[in-house]
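A.B. asks: 3D, please:
(chains A and B)
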Protein chains: 2
Amino acid sequence: MRRVAVIGIGQTKIEEQWDKSLRDLAAEAIFAALSDAEMERVEALYSANMMSGSANHQQHLGAYISDWVGLHHIESFKVEAACSSSAAAFRTALLAVASGEIESAIAVGVEKMTDSPGGEITAQLATAADADWEGDQGLSFVALNALIMRRYMYEYKWNHEDFAQFSINAHANGAKNPFARFQDPINEKIYNSAPMVAEPINLFDASPMGDGAAAVVMIPADQLFPPNGRPMIQVVGSAAATDTIAIQNRREPIWLRAAEISARKAYSQSGLNASDIDFFELHDAFTIMAALSLEACGFAEPGKGPRLALDGEIKINGRLPISTRGGLKARGHPVGATGMYQLVEVVQQLRKEAGETQVDDARIGMAQNIGGSGSNIITHILQAF
Amino acid sequence: MRRVAVIGIGQTKIEEQWDKSLRDLAAEAIFAALSDAEMERVEALYSANMMSGSANHQQHLGAYISDWVGLHHIESFKVEAACSSSAAAFRTALLAVASGEIESAIAVGVEKMTDSPGGEITAQLATAADADWEGDQGLSFVALNALIMRRYMYEYKWNHEDFAQFSINAHANGAKNPFARFQDPINEKIYNSAPMVAEPINLFDASPMGDGAAAVVMIPADQLFPPNGRPMIQVVGSAAATDTIAIQNRREPIWLRAAEISARKAYSQSGLNASDIDFFELHDAFTIMAALSLEACGFAEPGKGPRLALDGEIKINGRLPISTRGGLKARGHPVGATGMYQLVEVVQQLRKEAGETQVDDARIGMAQNIGGSGSNIITHILQAF
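C.D. replies: Alright, predicted model coming up:
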């Protein structure tokens, strides 16, 4: 398998983009990524999206997007893994280039959630859960995560306010990222007084929906002549793992087994371990997921995830900065596109292009994208050379 | 890129499967393929499906299916390219194994179209067309193909009855395939007197919907110890190409440019040309598509596709047998699963397991899967060694 480098990145601001269609958003990210890579064409395009069939009455995004951006006649199809769709599409592009079959590829994640003709978005999101045993019983994703968080608080004796720093850190970083949906910092008082969504998850434990797209361009690393003196960003670890789709069937519902498996594989591929990771773009769709990810990936003991946040170790200048560009919580969570934002942000950090939220000496970054309530988890490690 | 072999195949009968869920169908095909391969586990599962989000209120088939069949914690996600979803998933599995990253993979195609809580299936199918310029204008896929067929008949002076033999051949072969939806042969009289659906497409020009699943198991060819004295089936050509999603934007709406491009690439990869192909599982969703595919892949001159059918050359004992197990027309067209049925049928022929529709000396077979009205076309060539 040959090494693969990321040489272009692009993203749109995440917000309610009433004046842009799904293909407009995808095009904006793709053109930005191509321009950044100083390329005009690629051989293949892999699109990530979860809900366009219902939310936009448009399937077949492969042809739909490649046509719109003028990449005529190339290979192009869609990859879906609920909220982990983007990491799955990134991995598909990675393996296509690594195999030697494809010499240049774009992976784009896009989701257009507002202005949907397909009805209630919460119900559409619930199609990522088990339709028979979760979705059709009325369990939304907030409710599923509330069950997990409640159990975790009971098991490890945490209070709700112990999760505040995850949210405060994300908003502090998002306020300095022009692409983030939310641009204002919050504090303990705001967090603690926010309205409940599904107890114990309040408004500031939950990430917001939004419309957005992000894209990366990949080529074989051995063909890279670094433009503009940039560091070369290589993918050194990539692994995907699944778990039961319904949480009722998990032996341990407060342990992200698929995160543990995919992170271990990615560490092993890259010859690294958790202590080598300089920063971590994790999937903080809910504050509880940030805690569980830190534990499953070996950054905290089981049940001790919130400790890292309370001790300030997750901040930009901490031991393990997380959500450095706002995370899902403040940058926003356009579901099928989220994982590509994470990877774009890892590249920004490794290139020292993260502005006011730049992590010092960022050389190795990890991104982890979670689909469903932990049922599909894909981990990537990128390194600057 | 290392060589990849198909060592297991499985399929369900295509029909209205009211008593089976989407995951039941997928499991039936996967277990059959694993059993056929004499394996119990693989490292990755790539699922093809078009409409489960709307038709079954279930996205996230990666976790959903791998969980159900007991392939816990493996890599698993969904690939979608409308009616060409299955060939795209097959190609994803192929590149994953070819890259050296994955040692064994299943590609499964599944579609559950009856018993849909998501409303009218024709409208759901139309999400494979351009939502703004085709679907939302009320153009169904039958209507789109009727426009293409009408233009073709005008341009090349064919009459409707000249397409009869495509349908008659498909039904003759399907009648001998126990997995086919339709089990009865038809004749010219039945074809010519069938009710119109969208002029000039009548009931026997159009393929039927249905519920079904098909699966293949792939491993690196160099790890193969042929079981039970079977020939080794290798993938020797694989290529994908797109065209504009809306037919209004095609320079030539009666020429399948994406079929031409992907077939040429597949020929080139395999060192073969059209005359080397022993049989062709083409995408006869409509009789017009059979004609256009034959022309674009170099089996007939432009405008001469129906001639092959009229001269009997597409029959099992003809020069280029097509739809040897019934094709989309008679075997049935469970959209996201169809391409996997084609590949399963190619393997049946190459293994001499095609029963009464066995093609003599079948050594090289081609499958071509079409998404939308020709907007995504993926070609595979398999060879027995």
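A.B. asks: wait, what's in contact with the closest residue to chain B within the stretch 251-385 of chain A?
C.D. replies: Residue of the stretch 251-385 of chain A nearest chain B, by Cβ to the nearest Cβ: residue A:375 (3.8 Å). All C-beta spots, glycine's among them, are computed from the backbone N, C-alpha and C. Contacts for residue A:375 (Cβ atoms under 8 Å, 6 or more residues apart in numbering or on different chains) come out as A:82, A:242-245, A:258, B:60, B:63, B:67.
A.B. asks: from those residues, which ones fall inside strands?
C.D. replies: residue A:242 (DSSP state E).
A.B. asks: by contact count, what packs against the helix or strand containing residue A:27?
C.D. replies: Using DSSP states H and E, residue A:27 falls within helix A:22-37. Here helix A:22-37 touches strand A:4-11, helix A:61-68, strand A:105-111, strand A:212-220, going by 3 or more Cβ pairs under 8 Å, 6 or more residues apart in numbering or on different chains; DSSP states H and E.
A.B. asks: roughly how far apart are the residue of the stretch 251-385 of chain A closest to chain B and residue A:334?
C.D. replies: Residue A:375 sits at a distance of 20 Å from residue A:334 (criterion: Cβ to Cβ, to the nearest Å).
A.B. asks: And residue A:99, by the same measure?
C.D. replies: 29 Å.
A.B. asks: and the two? which has more neighbours close in?
C.D. replies: For residue A:99 versus residue A:334, the count of surrounding residues by other Cβ atoms under 10 Å in any protein chain shown is larger for residue A:334: 34 against 20.
A.B. asks: these two touch, right, that one and residue A:14?
C.D. replies: Yes - if you go by Cβ atoms under 8 Å, residue A:334 and residue A:14 touch, sitting 5.8 Å apart.
A.B. asks: Return the angle between stretch directions for the helix holding residue A:27 and strand A:212-220.
C.D. replies: Interaxial angle, helix A:22-37 versus strand A:212-220 (axes from the mean of the first three to the mean of the last three Cα atoms, to 10 degrees): 40 degrees.
A.B. asks: my guess is residue A:58 meets residue A:22, correct?
C.D. replies: Yes - Residue A:58 lies in contact with residue A:22 (Cβ under 8 Å); the separation is 6.5 Å.
A.B. asks: Find residues that contact each of the two.
C.D. replies: Going by Cβ under 8 Å, 6+ apart, residues that sit against residue A:58 and also against residue A:22 are residue A:52.
A.B. asks: What residues does the nearest residue to residue A:350 once chain neighbours are set aside make contact with?
C.D. replies: Of all residues not flanking residue A:350 in the chain, residue A:384 sits nearest, at 4.1 Å (Cβ to Cβ, 6 or more residues apart in numbering or on different chains). Applying Cβ under 8 Å, 6+ apart, we find residue A:384 in contact with A:231-233, A:350-351, A:362-364.
A.B. asks: Give me the common contacts of residue A:334 and residue A:14.
C.D. replies: Contact criterion Cβ under 8 Å, 6+ apart; residues shared by residue A:334 and residue A:14: A:210-212, A:341.
A.B. asks: Between which two of those is the distance greatest?
C.D. replies: Farthest pair in these (Cβ to Cβ) is A:211 and A:341. Separation: 12.4 Å.
A.B. asks: can I get the CA coordinates of stretch A:206-214 in CSV?
C.D. replies: Taking C-alpha atoms only, stretch A:206-214 is exported to CSV below (Å, rounded to 0.1, in the frame of the first residue of the first chain):
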residue,chain,number,x,y,z
ALA,A,206,-25.7,19.0,22.4
SER,A,207,-24.2,20.0,19.1
PRO,A,208,-26.2,22.1,16.6
MET,A,209,-27.4,21.0,13.2
GLY,A,210,-26.3,23.1,10.2
ASP,A,211,-25.6,23.2,6.5
GLY,A,212,-22.1,22.8,5.3
ALA,A,213,-19.5,21.0,3.2
ALA,A,214,-15.8,20.2,3.6
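A.B. asks: So for that stretch, mean pLDDT?
C.D. replies: For stretch A:206-214, the mean per-residue pLDDT is 97.
A.B. asks: Check stretch A:377-385 too.
C.D. replies: 97.
A.B. asks: and it, which residues are buried?
C.D. replies: A:377-384 (16 or more other Cβ atoms under 10 Å in any protein chain shown).
A.B. asks: What is the nearest of those residues to residue B:198?
C.D. replies: residue A:378 (43.0 Å).
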